[in-house]
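Asker: Quick one: sequence plus predicted model below, questions after.
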Amino acid sequence: MPDIADKYKLHENFYLQDTLTVSAALLGKILVRKTGRHVLSGKIVETEAYLGDSDPACHAYGRVTPRNHTLYMKGGIAYVYFIYGNYYCFNVVTERKGVGAAVLIRAVEPFTGVEQMKLRRPKIRTEHDLTNGPAKLCLSFGIDRKLNEADLQSDEIYISKGNKEKFTIAVSRRIGIEKGAHFPYRFFIKDNPYVTRHKLNKEIISEMKS
DNA sequence: TATTCGATGTGCT
DNA sequence: GCACATCGAATAC
């Protein structure tokens, strides 16, 4: 069943651009997840770029393995990995086949399907806790390893254009890593309440307008 | 409010 | 064996 939002899906060429460009450009776009009759969606408010086999923080650093081979596929698919024995993180693969780069979606602002998200996360305290973190949003959106390598032109998960609002993009170091930690590869919408709460929010390296 | 710490399973060395 | 792109409960203040 076609959905009105389908015609606003980001074109596959969007994902073939430079990874830092994609990482910043994804802010304000809408992540859409369809499960059964439900449509869950949210505005992307925080991302991190992982630049491929030359970036020591990227899973593609080093050899090709069963886990990271997804990263080397053509941009425009999902890379979902399991972490810390409990959680999943959702990435968008970028650039040409063989580059090994991706953008981690770290936080979204819920748009539709909030009640369904709450059913999946009955213990949250505030609405922010639904999606202000990479593993939290995967829980709320029902994203797990079954979506690894999913085509972002598919209906089960995709990203569409947002509205034309203007906002300030802030840039900081990446969160939760040790190798390659000093690179300014984290992008977030300044002052958006759904951004991950972190001390790096006060250590903004640069800003730009969307 | 800020910081610490345990849970947990998988992939790679 | 150990590191790990996290979370949330417990603790300290």
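Answerer: Thanks, I have the structure now.
Asker: Stretch A:143-157 near DNA strand C anywhere?
Answerer: No: using Cβ under 7 Å from any atom of the strand, stretch A:143-157 stays clear of DNA strand C, with a minimum separation of 11.8 Å. The C-beta positions use only the backbone N, C-alpha and C, and glycine is treated the same way.
Asker: Looks to me like residue A:96 is in a helix.
Answerer: No: counting by DSSP: H, G, I helix; E, B strand; the rest coil, residue A:96 is not part of a helix but coil.
Asker: Contact partners for it?
Answerer: Listed by Cβ atoms under 8 Å, 6 or more residues apart in numbering, the contact set of residue A:96 reads A:16, A:74, A:75.
Asker: Quick one: residues contacting the first one.
Answerer: Residues touching residue A:16, when contacts are defined by Cβ under 8 Å, 6+ apart, comprise A:74, A:75, A:76, A:94, A:95, A:96.
Asker: I'd assumed residue A:154 was in contact with the third one.
Answerer: Same thing as residue A:76. No: look at residue A:76 against residue A:154 with Cβ atoms under 8 Å: they stay out of range, at 10.4 Å.
Asker: more neighbours, those two?
Answerer: residue A:76 (21 against 13; other Cβ atoms under 10 Å).
Asker: Just the contacts of residue A:96: which are in helices?
Answerer: Among these, none falls in helices (DSSP state H).
Asker: neighbours of residue A:39, just the number please.
Answerer: Neighbours around residue A:39, by other Cβ under 10 Å: 16.
Asker: Hmm, it is touching residue A:115, no?
Answerer: No: assessed by Cβ under 8 Å, residue A:39 is found out of contact with residue A:115, at 11.8 Å.
Asker: Report the beta-bridge partners for residue A:35.
Answerer: Bridge pairing for residue A:35 (DSSP bridges) gives the partners residue A:38.
Asker: sorry, back to before: with the contacts of residue A:96 in mind, which one is nearest to DNA strand C?
Answerer: residue A:75 (13.9 Å; Cβ to the nearest atom of the strand).
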